Structure formats: C-alpha cells, structure tokens
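Q: What follows is a predicted structure for the sequence shown.
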Amino acid sequence: MDGKEYSNDSDLSLDEIIEKYYTTIWRNTLFLVRFSEDDAYDITQNVFLLLAQKWDELDKSNIGAWLFEVSRRKIFDFFRTEEKQRGGKHVISIESSNCILSDFAFYDNYFEVNPDLLERIKNEVLDSLSSEERSLYNDLFVNGRSYKDIVELYSISYTDATTKGQRLRDRIKKLIVIKVNSLNLFGITYLSFTIYLLSVLLNEKNS
C-alpha cells in the first residue's frame with residue numbers, strides 16, 4: 001500500500017476506514033512481532049482505539065499515513081520495552097525510529113548491517129524455497145517482471161498470478177522470522193534486522 005491509496009479517504013466514515021486498513025495494519029504488525037497473535041492483536045487494537053479517540057481532530061485526507069505512523073511507533077515501543085527488560089544486544093545500529101516504514105520500503109540509509117551476516121541469512125531464506133517458489137521469486141523480485149508478464153509466462157490467470165505472489169511474500173516473511181530468530185536477537189536489534197532483510201528480499205518493482 002502506498003500514498004496513492006490514501007487519496008480517497010476524505011469521504012470515508014470511521015467504520016469504513018477501519019474496514020479498509022485493519023487487515024493491512026494487522027498483517028504488518030503480526031509479521032514484525034514474530035507472528036505472536038496476542039501481541040499483534042493488542043497493538044492493532046490500540047492503533048484503532050486511538051483512531052476512534054482522535055477521529056474528530058484528524059486530517060481525514062491523510063488518515064492512512066497516520067495509521068501506519070501510529071502502528072510503527074507502537075511496534076517500536078513494543079520492542080524498546082523488550083530490549084530494556086532483557087538488556088541491549090547491539091550488533092546492528094539504527095539512527096532513529098523512522099526506519100520502521102509502512103509497507104517495508106527500501107531504506108538502507110538507516111542501517112549499518114554486517115554484510116556477511118545479511119548475505120548468509122538471505123541465502124538461507126532463498127535456499128529454503130522450492131524450485132517453483134524460487135522461479136517465481138526470480139521473475140518477480142530479481143527480474144522485476146509484472147503480473148501481466150507472469151500470466152503469460154506461467155499460462156495462468158491474473159488472479160492466480162497475484163495469489164501466487166502473495167503466498168510467496170507470506171512464505172518469505174515466515175522464513176525470515178525463523179532465520180532471524182535463530183540469531184537470538186531481540187528488541188530493536190531484532191526489529192531492525194528483520195525489516196532490513198525483508199526490504200532486501202522483497203524490493204518490489206511491480207506493486
């Protein structure tokens with residue numbers, strides 16, 4: 001989801017805004033909190049509770065961006081609390097909480113990541129894909145083919161192409177969590193490395 005999808009929000013009601021954005025906020029949060037449904041639910045509920053509380057004073061034309069900003073702040077607070085509780089383990093540095101971007105935009109200006117570690121985990125994720133998944137990955141994310149191209153290459157419908165693309169993204173997200181968890185990172189360090197790795201693997205060119 002990008003800024004273009006925020007432009008038609010001005011005339012939407014509170015219920016319509018919730019219906020439009022709840023699933024996206026929930027999915028992003030669920031991934032970032034290691035697929036912990038309880039934590040994702042609490043964070044997402046707090047985001048939309050704040051939306052309801054501030055509804056009358058918000059700029060409705062920019063409500064989508066506001067929701068993503070609130071959600072990333074709450075995710076950042078969640079991991080900052082975890083880091084304080086367990087003690088810091090800084091193998092990766094970040095400059096500010098602004099690195100937590102909606103929809104995982106490509107933002108390597110915000111990190112200093114051990115390149116060898118990043119490459120190793122990236123390769124482990126890709127090696128875990130099936131041959132069919134790897135082929136689709138290469139077409140979509142390495143060669144930057146559009147879904148229209150995928151329809152022709154694979155002789156499938158456009159709906160099937162987008163479904164396969166979404167399933168591949170979900171599969172990669174789950175593999176990232178498994179691989180990053182094996183590094184025993186926590187707090188902001190875990191969050192920063194996870195988002196960075198996702199941005200490297202899914203630097204989408206056709207969304």
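A: All right, it came through fine.

Q: could you point out which element follows the helix or strand that contains Asn123?
A: Here Asn123, judged by DSSP states H and E, is contained in helix 115-127. Downstream of helix 115-127, the next assigned helix or strand under DSSP H and E is helix 131-137.

Q: CA atoms of the helix holding Asn123 as PDB?
A: The C-alpha trace of helix 115-127 is given here as PDB (Å, rounded to 0.1, in the frame of the first residue of the first chain):
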ATOM      1  CA  PRO A 115      27.000  -7.600   5.200                       C
ATOM      2  CA  ASP A 116      28.300 -11.100   5.700                       C
ATOM      3  CA  LEU A 117      25.600 -11.900   8.200                       C
ATOM      4  CA  LEU A 118      22.900 -10.300   6.000                       C
ATOM      5  CA  GLU A 119      24.100 -12.300   2.900                       C
ATOM      6  CA  ARG A 120      24.200 -15.600   4.900                       C
ATOM      7  CA  ILE A 121      20.600 -15.200   6.200                       C
ATOM      8  CA  LYS A 122      19.400 -14.000   2.800                       C
ATOM      9  CA  ASN A 123      20.800 -17.100   1.100                       C
ATOM     10  CA  GLU A 124      19.400 -19.400   3.800                       C
ATOM     11  CA  VAL A 125      15.900 -18.000   3.200                       C
ATOM     12  CA  LEU A 126      16.200 -18.300  -0.600                       C
ATOM     13  CA  ASP A 127      17.600 -21.800  -0.300                       C
END
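
Q: Just the buried positions in that helix, please.
A: 118, 121, 125-126 (16 or more other CB atoms under 10 Å). (C-beta placed from N, C-alpha, C; glycine too.)

Q: Which strands or helices does that helix pack on?
A: helix 158-181, helix 187-201 (3 or more CB pairs under 8 Å, 6 or more residues apart in numbering; DSSP states H and E).

Q: For the shortest one, name the packing helices and strands.
A: Counting contacts by 3+ CB pairs under 8 Å, 6+ apart, the secondary-structure elements packed against helix 187-201 are helix 14-32, helix 63-86, helix 115-127, helix 158-181.

Q: follow-up on the earlier one: if we compare the helices and strands packed on helix 115-127, which one ends up closest to Tyr21?
A: helix 158-181 (17.5 Å; CB to CB).

Q: Run the angle between that closest one and helix 14-32 for me.
A: Following axes from the mean of the first three to the mean of the last three CA atoms, to 10 degrees, one obtains 50 degrees for the angle between helix 158-181 and helix 14-32.

Q: buried ones in helix 158-181?
A: Here helix 158-181 shows 161, 164-165, 168-169, 171-173, 175-177, 179-180 as buried, counting by 16+ other CB under 10 Å.

Q: My guess is Val33 contacts Ile75. True?
A: Yes. Val33 is within contact range of Ile75, at 7.0 Å (criterion: CB atoms under 8 Å).

Q: Can you give me the end-to-end span of stretch 139-150?
A: 8 Å (CA to CA, to the nearest Å).

Q: thinking again about what came up before, and the helix holding Asn123, how far out from the chain middle?
A: Relative to the chain's own centre, helix 115-127 is displaced by 18 Å; criterion: CA atoms, centre = their mean, to the nearest Å.

Q: Can you report the mean pLDDT over the residues of it?
A: For helix 115-127, mean pLDDT is 91.
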